[in-house]
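K.L.:
after the sequence you'll find the predicted model.
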Amino acid sequence: MKCLICLTDMNQAISWQSLGKRQRYGYCADCEPKLKLITGPVCPDCGRHVSTGAMCHDCKERRGKSLSYNRSLYHYDGASKALLTLCKYRYHYHALTPLKREINQGFLQHYGKLKQATLVPVPVSTKRMEERLFNQAALIASLINRPALSLLDKHHTGKQALKTRQERLDLANPFYLTEGKSLPKGPIVLIDDVYTTGTTIHHAANVLKTAGISEIYSFTLAR
Ligand SMILES: [Zn+2]
Ligand SMILES: [Zn+2]
């Protein structure tokens, strides 16, 4: 069996004992410890690790907040980046499955109090869907034991990764409400793979706020 992150063969002996101990079974002994949960104090708005627990510089600068706050599960670095790259560009749909329990625990920790929350995956454009055949945000939402609703669509805007930070900040809102969907009554938790500048999540939140949703949060796999 191959490690779901580095794809090297795992020659470790599989025992019931090791299966019980490691809830992230499927990743090798090198990769597994590198997948680090965000723990300790975080910025109250964007959920990034901040040792003082005070609001970070980026969040202080942000205007017009439609999003109540974001929380993320893992630090976005080597292992989580590799995992999401495999998932997004190489069709390794199952690479995230070993994290299901941890994803649910993280969701409950941050949003367990929102009993009536509906998950809304951040969409990719139709063109991107045709290339990738799936949306990684919808995949993450499907691992969380809560109802999910696809409420948003996205215009095609080119690859985010190829744009500079300023270009991304300047980009007009690419999201719009999907036609013919009725809005849920309770709060919404937007789901995405990663929160970097936050522009994507905030654009999505702006559309939902304008449509009349009063409480909007977000949960991403990495930050
Ligand atoms: Zn590995
Ligand atoms: Zn922040």
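P.N.:
Thanks, I have it. Ligands and ions are numbered 1, 2, ... in the order given.

K.L.:
pLDDT-wise, which helix or strand of the protein ranks last?
P.N.:
In the chain, no helix or strand scores lower on mean pLDDT, DSSP states H and E than helix 16-21, which sits at a mean of 57.

K.L.:
can you give me the strands in the chain?
P.N.:
Counting by DSSP state E, the chain has these strands, from start to end: 70-74, 118-121, 152-154, 175-177, 188-194, 216-222.

K.L.:
so which of the ones you listed is nearest A138?
P.N.:
Among the strands of the chain, the nearest to A138 by C-beta to C-beta is strand 118-121 (4.2 Å). Backbone N, C-alpha and C define where each C-beta goes, glycine included.

K.L.:
ligand 1 versus D77, what's the distance?
P.N.:
Remark: distance between D77 and ligand 1 (C-beta to the ion, to the nearest Å) = 15 Å.

K.L.:
go through the strands of the chain and name the closest to ligand 2.
P.N.:
When these are compared by C-beta to the ion, strand 70-74 sits nearest ligand 2, at 8.1 Å.

K.L.:
so does the closest one get close to ligand 2?
P.N.:
No. Strand 70-74 stays clear of ligand 2 (C-beta under 5 Å from the ion), getting no nearer than 8.1 Å.

K.L.:
residue contacts, C56?
P.N.:
If you count contacts by C-beta atoms under 8 Å, 6 or more residues apart in numbering, C56 has them with C43, D45, C46, R48, V50.
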